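*Asks:* Generate coordinates for the sequence data below:
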Amino acid sequence: MKHSLKAKQNLKNQLDNTQAINKKNKLRDRINKQIHLKTIYISNKLKFTSYISSGFNTLRDKFIQKESKFT
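*Replies:* Residues are numbered from 1 along each chain as shown. Coordinates of the predicted model:
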């Protein structure tokens, strides 16, 4: 009887450990996904900023060329 009780307790502990590990893994995966999405967002924002900046630089260069023709 005592052996059976100990075996049950061991199984319960194993189940609890497995559930805790699964919960931790799910949390880790969710955090990694959030980090990945944030990284993509920041990358896209930087690309957009770079695109806008290069557009303004092109406009500025064209304006400078026009101005230099008049002087």
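
*Asks:* Would you state the helices of this protein in chain order?
*Replies:* 2-70 (DSSP state H).

*Asks:* Low-confidence stretches in it?
*Replies:* 1-2, 70-71 (pLDDT under 70).

*Asks:* again, 90 this time
*Replies:* Within the chain, the set of residues satisfying pLDDT under 90 comprises 1-6, 49-71.

*Asks:* and residue 26, how far is that from residue 44?
*Replies:* Distance from residue 26 to residue 44, counting by Cβ to Cβ, to the nearest Å: 27 Å. (Each C-beta comes from the backbone N, C-alpha and C, glycine too.)

*Asks:* go on, residue 27?
*Replies:* Residue 27 sits 26 Å away from residue 44, going by Cβ to Cβ.

*Asks:* Quick one: neighbours of residue 66, just the number.
*Replies:* Residue crowding around residue 66 was assessed by other Cβ atoms under 10 Å; the count is 9.

*Asks:* got it, and residue 9?
*Replies:* In terms of burial, residue 9 registers 10 neighbours under the definition other Cβ under 10 Å.

*Asks:* One more: residue 11?
*Replies:* Neighbour count for residue 11, taken as other Cβ under 10 Å: 10.

*Asks:* what's the answer for the one 10 residues further on, then?
*Replies:* Here the count is done by other Cβ under 10 Å, and residue 21 has 10 residues near it.

*Asks:* Ok, residue 18 next?
*Replies:* Residue 18 has 10 neighbours, counted by other Cβ under 10 Å.

*Asks:* separation between it and residue 53?
*Replies:* In terms of Cβ to Cβ, residue 18 sits 52 Å off from residue 53.

*Asks:* swap in residue 19?
*Replies:* To residue 53, residue 19 is 51 Å away according to Cβ to Cβ.

*Asks:* swap in residue 59?
*Replies:* 11 Å.

*Asks:* Please report how far residue 41 lies from residue 59.
*Replies:* Applying Cβ to Cβ, the value for residue 41 to residue 59 is 27 Å.

*Asks:* make that residue 9, sorry
*Replies:* 75 Å.

*Asks:* Residue 8 too?
*Replies:* Residue 8 is 76 Å from residue 59, where distance means Cβ to Cβ.
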